[in-house]
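In: build me a model from this:
(2 chains)
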Amino acid sequence: MLRYHMQGFSGYGVQYSPFFDNKLAVAAGSNFGLVGNGKLYILEINRDGKVEERNSFLTQDCLFDVAWNESHENQVLVAQGDGTLRLFDTTLKEYPIAIFKEHEREVFSCNWNLVNRQTFLSSSWDGSIKIWSPLRNQSLMSLTPRPLEITKMVDPLNAILSNKKNFTGISQNKNCVYQAQFSPHDQNLVISCSGNSYASLFDIRLPPSKSQTNFLVHSGLEALTCDFNKYRPYVIATGGVDNAIRIWDIRMLKTSGSATTSRPTHTPSHNSACINEIPNAHGLAIRKVTWSPHHSNILMSASYDMTCRVWKDLSNDGAKETYKTNSTDTGKGCLFNFTQHSEFVFGIDWSLWGKPGYVASTAWDGNLFVWNGLGY
Amino acid sequence: MSDACHASPIDQVIQKGHRIQNGSLIPSKPTRFIHRESRAHHIDKRPQVETSFLHHASDMKSVDDVAFQNCPSPMDFKNHNEETSSWVPQFSSMEINDPLEFSSEYKQLYTSYESQQRQNASRQQFPIMSSMVRKTASNLPSRNMFRQHHQENRNNSTDAFKFDAEFQNLENEIQEVRYEPILQEDESWLDQDQLELQRIATDIVKCCTPPLSSASSTSTVSSIDSKLSESKFIQLMRGISSGDVTLKKEANGDSTRELFSPSNGELVGNGHIPVENQSHQGAYN
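Out: I've put the predicted structure just below:
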């Protein structure tokens, strides 16, 4: 296990470089990201197995996510708390090479398109997802994954939940789009998850009125993370405040009529797309899930319970469906439990390089750990 | 004289399918009752428990009907008719053997499972709350601007001003109620934003404080509890909750991007370093 400590900063996001096997970018914020500066770290693992800082960029506000430019080995994009996205060149110092400002609130996630490699997206607390080109300062497209009818339908649920002692959740954050991602299989597909407990699947080729399908993923509690499976184009995983990880087959999503517009329903049938579930996967809310780039049935999660866990999706054996679920397994399909972090774990990423199984994780304790999640 | 002549009028009403609830007669389920009664006349096979129980209450032919009769009304009339009420002690001491009932071991396990779920549910909100702290802290300038803008608009319309004044009064009342438990005399100088941060921090601390019953819970939960108790973030939240730490304010009332201790004025956590909002022009290609 390798370790690097970011003195005075808390880690929010980490990503391996798609070009170099020893390079990592970490997005961090001071004072746990509540107030103060942010910092982008460019780290390298040297030949002696030590993690060293190659470059760093101090920012005015906290950084929440990071994404390497898939078509340029020296460029890194960050999502900032002041509503901007900033593109840094790791060979330069101090300032970014481009600033993209349209969001009205904190930008919580950013993701580069793996298929066309010419666009990236961002999701924000302002309730929108924006698609950008690095060549333009204005966004190419703005998506709103929370149609009004969803809010109307979730609100009664919130009213019930709000009667519970201490519950103040969904009404505060229902607009927030915690994460959005391009499909690694189709450059026009985007998945997002929001504080209103819904995941939204967009086909950006379609007109706005018909472009999205929404489905309730975490029982009315906030959906904090989502990810496309790298081998099965129709499979996504989500995690949320209900401490569960759910795996969905988007082919089974209910759509109304001939259009792909979904008017969400609260009938049980709309959950038929859930093909597997890991209930109580963690002791607290799940902040991030990410599928392995080397296996079609292995995924990793990070949580507020300060652990990272590697899971085997028991509904699939790597080649075909098994019709089993993790909830019936004794160990729930958990392959590895990483407990070294001492604060909430926010960022995890699989290494694309070397033996399958190497991962990096970063947490509010300011540590970046590189470890092997498959125990090889 | 027939038995019907001796029965009290109220009893007769009850036998016709009425019951008393909250002091008034309600003609509830008469159809069901009468139907069952008439059906029971044609059924000779009765379970043993019913037979032994019903020897004092010949009008009632099944356990279901007894349950129905056990509504508050017969109890109210035991003084009026001893004959009718004599079955009550028997009824209360009756045990029903349910072959489908779960074993006591299962019930015990389920109770502990439920208590664990309740404990987990109470924890589910604090990740959200941590985001809310960020929300409160990071949006202070914009909120201040909003308030200023709001103030300007109020001057433009008398009606709007009245409405706003009413609204503000209500708002103040709510705030007073909300903050009363945590407000101390020396904290009364905190402004709205600082109070909001304090309230959220208090909620987080409450959520993260392990309940007394957690000692008997699983090792995973206790492991989380021990980590939470050592968490620096939770310690900071405790500090904010108790008023030892709060947002630093500029002289003009705007908040800076720092935390400080009001008691000694010392900076808490990392200080903020201003960073110019500029970029390398023309560096992108």
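
In: can you tell me which residues contact B:Val268?
Out: B:Leu236, B:Gly239, B:Val245, B:Glu258, B:Leu259, B:Phe260, B:Ser261 (C-beta atoms under 8 Å, 6 or more residues apart in numbering or on different chains). Any C-beta I mention is one placed from the backbone N, CA and C, and that applies to glycine too.

In: buried only: go through these for me.
Out: B:Leu236, B:Gly239, B:Val245, B:Glu258, B:Leu259, B:Phe260 (16 or more other C-beta atoms under 10 Å in any protein chain shown).

In: of all the residues you listed, which two lie farthest apart?
Out: Using C-beta to C-beta, the pair of the buried ones among the contacts of B:Val268 lying farthest apart is B:Gly239 and B:Glu258, separated by 13.9 Å.

In: pLDDT below threshold where in the stretch 1-150 of chain B?
Out: Residues of the stretch 1-150 of chain B meeting the criterion pLDDT under 70: B:1-85, B:116-150.

In: low-confidence ranges in the stretch 201-350 of chain A?
Out: A:255-271.

In: what parts of it come near chain B?
Out: Within the stretch 201-350 of chain A, the residues that sit near chain B (C-beta under 8 Å from any C-beta of the partner chain) are A:221-222, A:224, A:241-243, A:280, A:283-285, A:287, A:304-306, A:339, A:342-344.

In: could you redo the last one with a cut-off of 6 Å?
Out: The interface of the stretch 201-350 of chain A toward chain B, taken as C-beta under 6 Å from any C-beta of the partner chain, is made up of A:Val241, A:Gly283, A:Ala285, A:Tyr304, A:Asp305, A:Met306, A:Glu343.

In: wait, the second one sits on B:Asp225?
Out: What it means is A:Gly283. No. With contacts defined as C-beta atoms under 6 Å, A:Gly283 does not count as touching B:Asp225, sitting 9.1 Å away.

In: the more surrounded of those two?
Out: Set side by side, A:Gly283 and B:Asp225 show more neighbours around A:Gly283, with 22 against 19, by other C-beta atoms under 10 Å in any protein chain shown.

In: doesn't the more buried one lie inside a strand?
Out: No. According to DSSP: H, G, I helix; E, B strand; the rest coil, A:Gly283 belongs to no strand; its state is coil.

In: tell me which element B:Ser115 is part of?
Out: Counting by DSSP states H and E, the element that carries B:Ser115 is helix B:104-123.

In: so A:Thr351 touches A:Tyr358, yeah?
Out: Not Thr; residue A:351 is Ser. Yes. With contact defined as C-beta under 6 Å, A:Ser351 reaches A:Tyr358; the gap is 3.9 Å.

In: point me to the residue of the stretch 201-350 of chain A nearest chain B.
Out: Closest to chain B within the stretch 201-350 of chain A is A:Ala285: 4.0 Å, counting by C-beta to the nearest C-beta.

In: next, count neighbours for that residue.
Out: 27.

In: cool, and the one 10 residues further on?
Out: As a burial measure, A:His295 scores 19 neighbours (other C-beta under 10 Å).

In: over to it. Which of the three states is it?
Out: A:His295 is classified as coil under three-state DSSP.
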